[in-house]
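[1] model this:
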Amino acid sequence: MSLKKVSAIFNTLEKEKLQSAFLQAGIIGYTIHDVQGHGVYNQLYGQADLQDHLQVDIYTSAKCAQLIAELIVETVSVNADSEGLVAILPVDDLYWIHTKEKVLDNEFQFQSRKE
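    Numbers count the residues shown, from 1 in each chain. All right, here's what the predicted structure looks like:
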């Protein structure tokens, strides 16, 4: 199995822009959820409260993972410190709950709608 998980933490203000980029690229299967944490940015004044961000997770084929990661970086970057990060992680096994079957690599392809 050569599936990957692309996981990214990014600024909450970039959610609609990212969703639009995914739609345009033909990426329809993803999860976005609220997260909080501390990044590289060091707050020198006031309380160091946790910052609100979003996390997106996408399961995809190995050949699409790099393209998706690059799309995320290009879409959500606003050239500010501590914007977030993107990771590409290996997936040993993945199962569909409704069919109780193992996911096949070709079930997580995407095709750009620009073409």
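
[2] For burial, what's the neighbour tally of the residue nearest to residue 31 when sequence neighbours are not counted?
    Leaving out its chain neighbours, the residue that sits closest to residue 31 by Cβ to Cβ, 6 or more residues apart in numbering is residue 57, at 4.9 Å. (Glycine included, C-beta is placed from N, CA and C.) Neighbour count of residue 57, defined by other Cβ atoms under 10 Å: 15.

[3] which element is residue 57 on?
    Using DSSP states H and E, the element containing residue 57 is strand 51-61.

[4] what's the following helix or strand after that strand?
    Taking DSSP H and E, what comes next after strand 51-61 is helix 62-76.

[5] Now tell me what touches that following helix from outside.
    Residues from elsewhere that reach helix 62-76 (Cβ atoms under 8 Å, 6 or more residues apart in numbering): 2-4, 6, 8, 10-11, 14, 17-18, 21-22, 25, 27, 56, 58, 60, 83-84, 86, 88, 105, 108-110.

[6] ok, now with 7 Å
    With contact meaning Cβ atoms under 7 Å, 6 or more residues apart in numbering, helix 62-76 is reached by 2-4, 6, 8, 10-11, 14, 17-18, 21, 25, 27, 58, 60, 84, 86, 88, 109-110.
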